[in-house]
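> This is the structure alone, sequence omitted:
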């Protein structure tokens, strides 16, 4: 079977991976020379800890297994089983972390509530003043700026994969074929549209009632820290953002402790991951109302710098990169992904939201299973 995959972000690349793994031929078409969207502008976190239970957690856990398997075969993606520490500063925040450890699925996530000394044993770089941390053993990380490139090289080595960059698909024609903006028509047995946050043009024509919205975020990256940050790190504002922490303890936290004005205005949390070069990727903000601004604003970076310095107990290395990104999220945020047949032999797969990097291998596996590959 010949599969045409449109979109070379992590979701499209994982669909190509599944097709090649199952013995099929893949033509992969990307409108840029290579992926330039959210798939390379994220933390690279394989983030199990905050996922909702049920289908979402099952998808994240399966994806975590697949990432580790792929990382063993493609070292260039930089997979590492870091785990994460969500740092708490006071008793109200600690209560939310403690409630998480009582979830029926806490053992699946690898949750443990640690005091400050135990957290520093796991991550000695955290020398600031804090009360403790929620440890999640199942979290991991990859290198987002290079992962797609490494996966593409591995796919090319299979002999069953062809990559066409700099081609925008303009139409899906009869007979499960696509026409690109060079006028070339490519024929296949199945077409998968994994176009990320590109929801206009052809996608709008095929799915005008698409229940997916776009979300914009800001992030930054520093010079090397000068020591190893052994885990991913989050702050208690992440409890407000991720569904695993919902409950009475979180309601009590919200009642007694508001976010700072900057954090509230930009719907912020701290997430922090160390890159292979020692620098720190730090974020993030959330903007839902379009049209999005075309610039990045400084207040969120100032806020995040203060939070990180309090946790590290030292000045933050110089910030060398700042950027914004946009991803696609199902408007029903309980849905892991929007997967829909939009024409005979043509499927649209989009909207995983901030779960894209985490869940993409399992989402692609589910697509392949549903399509009977």
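Everything's here; your move. None of the values given here were measured: they were computed from a predicted structure.

> What's the first helix or strand after the host helix or strand of residue 13?
Per DSSP states H and E: residue 13 is located in helix 10-21. Remark: after helix 10-21, the chain's next helix or strand is strand 25-30, criterion DSSP H and E.

> helices or strands next to that following strand in the packing?
Strand 25-30 sits against strand 2-6, helix 10-21, helix 144-156, strand 161-165, with contacts defined as 3 or more Cβ pairs under 8 Å, 6 or more residues apart in numbering; DSSP states H and E. (Glycine included, C-beta is placed from N, CA and C.)

> Tabulate those in TSV, adding columns for mean pLDDT and mean neighbour count.
Formatted as TSV, those follow (pLDDT from 0 to 100; neighbours: other Cβ atoms under 10 Å):
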stretch	mean pLDDT	mean neighbour count
strand 2-6	98	26
helix 10-21	98	26
helix 144-156	96	19
strand 161-165	98	17
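
> okay if I get the ones you listed as TSV plus distance to residue 77?
Listed next are those as TSV, based on distance: least, Cβ to Cβ, whole Å:
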stretch	distance to residue 77
strand 2-6	18
helix 10-21	10
helix 144-156	4
strand 161-165	16
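
> what about the helix holding residue 13, distance to the chain center?
16 Å (Cα atoms, centre = their mean, to the nearest Å).

> Which strands or helices does the helix or strand harbouring residue 303 pack on?
In this assignment (DSSP H and E), residue 303 forms part of helix 299-312. Contacts defined by 3+ Cβ pairs under 8 Å, 6+ apart place helix 299-312 against strand 212-222, helix 261-265, strand 280-283, strand 319-330.

> Quick one: mean pLDDT for stretch 31-47?
Taken as a whole, stretch 31-47 has a mean pLDDT of 93.

> and stretch 76-83, which residues are buried?
77-80, 82-83 (16 or more other Cβ atoms under 10 Å).

> what is the mean pLDDT for that stretch?
98.

> Name the residues that touch it?
Under the criterion Cβ atoms under 8 Å, 6 or more residues apart in numbering, residues 44, 67-68, 70-72, 110, 122, 135-143, 146-147, 149-151, 153-154, 230-232, 273, 276 lie in contact with stretch 76-83.

> can you pull the pLDDT of residue 172?
93.

> dump the residue contacts of it.
For residue 172, the contacting residues are 178-179, 191, 202, 206, 343, 346, by Cβ under 8 Å, 6+ apart.

> how about it, secondary structure?
At residue 172, secondary structure determined by DSSP: H, G, I helix; E, B strand; the rest coil is strand.
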